[in-house]
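J.: sequence and predicted structure, then a few things I'm wondering about:
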Amino acid sequence: MLCASCGTAYPYDHSKRCTGCGGPVLKERSGQMAREVDGTRTGIWRYAERLGLDPSLDRLSLGESMTPLLRDDRLATSLGIGQVWLKLESLCPTGSFKDRAVAAGVAHAVGAGSEGIVCASSGNAAASAAAYAARAGLPAVLVMPEMTPSGKLASSAAYGAHQVLVPGDYSNSFALAEELAIDSRYTNVTTTYLNPHGVSGLRSVAYDLADQLPQPATAVVVPTSAGPLVHGVGRGYDDLLRAGLVDRAPRLIAAQPAGCSPVAAAFTHGRETVEPWLRVETSVSGLDDPLRGYEGDGTVTLQEVRRSGGHAIALDDDLIDRARLDLAQGSGVFVEPAGATSVAAVAQLAAQGVLGPDDTVVCLLTGHGMKRVPEGVAEPIHAETSEELRVALAARGWM
């Protein structure tokens with residue numbers, strides 16, 4: 001375990017920020033990674049040796065890995081890209097990729113004898129923390145902004161966790177959750193770079209892709225807030241390269257909404273560090289983290305993007321909303337706005353010539369659409385007789 005900011009080393013059981021500089025502490029692999037996986041185990045525990053998970057705790061899994069990977073020739077043709085693949089992280093057990101990180105974080109908490117779980121979230125990580133805490137038999141406290149969409153609140157309430165709503169943006173929730181974890185024997189599984197075990201669990205996305213893709217990806221597009229998923233995919237591919245399981249790593253593309261894009265802004269302006277976002281002006285829940293007080297997390301993500309030869313891009317909310325509807329109505333895949341950000345990014349980068357016909361692109365669709373109904377969909381038809389139904393359908397041009 002090493003602090004990404006100052007290089008201080010920590011023992012394996014460390015599960016919080018650097019006590020010296022406050023930077024993110026990350027798990028660093030030493031030695032060769034196992035080439036084989038244990039297909040008899042569930043979820044990320046099929047990668048237990050690679051991720052440093054206790055195999056005996058696979059009872060905590062809810063099945064959080066090997067999500068479907070769909071080839072989308074319609075998108076590829078319309079955008080002029082060689083191949084486009086959709087990685088449906090939206091079909092993780094609680095509806096988002098957060099399950100991978102939280103499963104690993106909760107497993108470490110159980111192994112360490114933690115008395116409970118605390119998690120700051122804008123919605124998806126809260127559902128994950130609530131579910132995995134319930135599975136582990138631990139209480140969970142979820143700290144969320146008051147503006148969290150009602151569908152996301154409902155999804156975490158169902159598991160019996162304690163919900164706390166905080167005024168202001170996500171950074172306020174983050175700070176309160178961190179204080180609670182410090183003052184208690186609860187483990188913080190907030191899915192920024194705060195919990196190194198959770199961040200490491202996200203390497204499993206790369207492991208999945210290595211098994212699922214018929215040919216290597218040239219780019220993986222990641223909806224990005226603080227960005228641990230970017231880091232996880234990048235370091236997962238490092239593991240695969242060292243083990244000889246792939247012969248190249250993809251470029252990593254971080255996609256953010258323009259109304260809260262600290263990583264993309266730093267990339268565009270050639271800065272070495274990420275600055276906190278001053279005013280959040282996006283409706284894209286899950287990607288609306290201003291990184292206030294922990295902007296070093298964004299810097300780690302920025303470094304990972306540049307190390308891969310990748311890119312970071314900011315997108316207007318309307319482009320993200322259009323991509324979301326297009327995915328649902330053109331490809332049959334329903335995701336939340338944050339999840340559609342990767343597809344919106346591919347469209348823009350194709351138009352700019354950053355991606356093209358020689359590319360095999362994977363879009364990570366990070367969260368399911370069920371927690372938030374899109375605007376612009378047709379109202380239901382009310383009809384009692386077949387004649388009324390035919391008239392109504394004809395009026396909409398459907399018959």
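T.: It's in. Numbers count the residues shown, from 1 in each chain.

J.: okay, how far is it across stretch 38-57, tip to tip?
T.: End-to-end span of stretch 38-57 (Cα to Cα, to the nearest Å): 14 Å.

J.: tell me the buried residues in that stretch?
T.: Of the residues in stretch 38-57, those buried by neighbour count under the rule 16 or more other Cβ atoms under 10 Å are Arg41, Gly43, Ile44, Trp45, Arg46, Tyr47, Ala48, Arg50, Leu51, Gly52, Leu53, Leu57. C-beta coordinates here come from the backbone N, C-alpha and C atoms, glycine included.

J.: and Leu57, that one's in a helix?
T.: Yes - secondary structure assignment (DSSP: H, G, I helix; E, B strand; the rest coil) places Leu57 inside a helix.

J.: is it in contact with Trp45, as I believe?
T.: Yes - contact between Leu57 and Trp45 holds when scored by Cβ atoms under 8 Å: they sit 7.5 Å apart.

J.: show me where the stretch 201-350 of the chain has its helices.
T.: 204-212, 228-242, 262-268, 296-307, 317-326, 337-351 (DSSP state H, counting those that start in this stretch).

J.: the stretch 51-200 of the chain now?
T.: With DSSP H, counting those that start in this stretch as the criterion, the stretch 51-200 of the chain has helices spanning 73-79, 98-111, 124-136, 150-157, 170-182, 196-201.

J.: nearest to Pro257, out of those?
T.: helix 170-182 (13.0 Å; Cβ to Cβ).

J.: got the angle for the closest one vs helix 124-136?
T.: Computed by axes from the mean of the first three to the mean of the last three Cα atoms, to 10 degrees, the angle separating helix 170-182 from helix 124-136 equals 30 degrees.

J.: other SSEs contacting helix 170-182?
T.: Taking 3 or more Cβ pairs under 8 Å, 6 or more residues apart in numbering; DSSP states H and E as the contact definition, the neighbouring helices and strands of helix 170-182 are strand 116-120, strand 140-145, strand 162-166, strand 186-188.

J.: how about 6 Å then?
T.: The helices and strands touching helix 170-182, judged by 3 or more Cβ pairs under 6 Å, 6 or more residues apart in numbering; DSSP states H and E, are strand 116-120, strand 140-145, strand 162-166.

J.: where are the low-confidence patches of the chain?
T.: 13, 15, 29-32, 372-379, 399 (pLDDT under 70).

J.: can you do 80?
T.: Counting by pLDDT under 80, the chain contains low-confidence residues at 1, 12-22, 27-36, 183, 371-386, 388-399.

J.: dump the helices of the stretch 201-350 of the chain to TSV, plus distance to Met66.
T.: As requested, the helices of the stretch 201-350 of the chain are arranged in TSV below (distance: least, Cβ to Cβ, whole Å):
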stretch	distance to Met66
helix 204-212	6
helix 228-242	14
helix 262-268	28
helix 296-307	24
helix 317-326	24
helix 337-351	18
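
J.: those helices: which one's closest to Asn195?
T.: Relative to Asn195, the nearest member of these by Cβ to Cβ is helix 228-242, separated by 9.1 Å.

J.: what are the contacting residues of the closest one?
T.: Contact partners of helix 228-242, identified using Cβ atoms under 6 Å, 6 or more residues apart in numbering, comprise 33, 193, 199, 202-203, 205-207, 210, 220, 222, 224, 246, 249, 252, 254, 301, 304, 308.

J.: before we move on, what about stretch 181-195?
T.: Contacts with stretch 181-195, where a contact means Cβ under 6 Å, 6+ apart, come from 15, 24, 98, 101-102, 105, 109, 114-120, 125, 129, 177, 198-199, 226, 228, 297.

J.: quick one: buried ones out of these?
T.: By the neighbour-count criterion of 16+ other Cβ under 10 Å, these include these buried positions: 15, 24, 98, 101-102, 105, 109, 114, 116-120, 125, 129, 177, 198-199, 226, 228, 297.

J.: quick one: the residue of the chain positioned farthest from its centre from Ala394, how far?
T.: Among the C-alpha atoms of the chain, the one most distant from their mean position (Cα atoms, centre = their mean) is that of Glu387, at 47.5 Å. Here Glu387 is placed at a distance of 11 Å from Ala394 (Cβ to Cβ, to the nearest Å).

J.: what's near enough to touch His14?
T.: Residues Met1, Val25 are the ones in contact with His14 under the rule Cβ under 6 Å, 6+ apart.

J.: now the helices of the stretch 51-200 of the chain in JSON lines, with distance to His269?
T.: JSON lines is the format used below for these (distance: least, Cβ to Cβ, whole Å):
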{"stretch": "helix 73-79", "distance to His269": "27"}
{"stretch": "helix 98-111", "distance to His269": "29"}
{"stretch": "helix 124-136", "distance to His269": "29"}
{"stretch": "helix 150-157", "distance to His269": "32"}
{"stretch": "helix 170-182", "distance to His269": "22"}
{"stretch": "helix 196-201", "distance to His269": "26"}
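
J.: of all the ones you listed, which one is nearest Gly259?
T.: Closest to Gly259 of those is helix 170-182 (Cβ to Cβ; 13.1 Å).

J.: not counting sequence-adjacent ones, nearest residue to Ser225?
T.: The shortest distance from Ser225 to any non-neighbouring residue, by Cβ to Cβ, 6 or more residues apart in numbering, is to Asp289 (4.3 Å).

J.: and for that neighbour, the neighbour number?
T.: When neighbours are counted by other Cβ atoms under 10 Å, Asp289 registers 28.

J.: surely it and Tyr170 touch.
T.: Yes - the pair Asp289 / Tyr170 is scored as a contact, 4.6 Å apart, by Cβ atoms under 6 Å.

J.: need the residues touching each of those two.
T.: In contact with both Asp289 and Tyr170: no residue, using Cβ under 6 Å, 6+ apart.

J.: just give the number of residues close to the nearest residue to Thr273 once chain neighbours are set aside.
T.: Residue nearest to Thr273 in three dimensions, not counting chain neighbours: Thr299, with 4.8 Å by Cβ to Cβ, 6+ apart. Thr299 has 25 neighbouring residues, counting by other Cβ under 10 Å.

J.: what separation is there between Thr299 and Gly198?
T.: In this structure, Thr299 and Gly198 are separated by 19 Å, where distance is defined by Cβ to Cβ.
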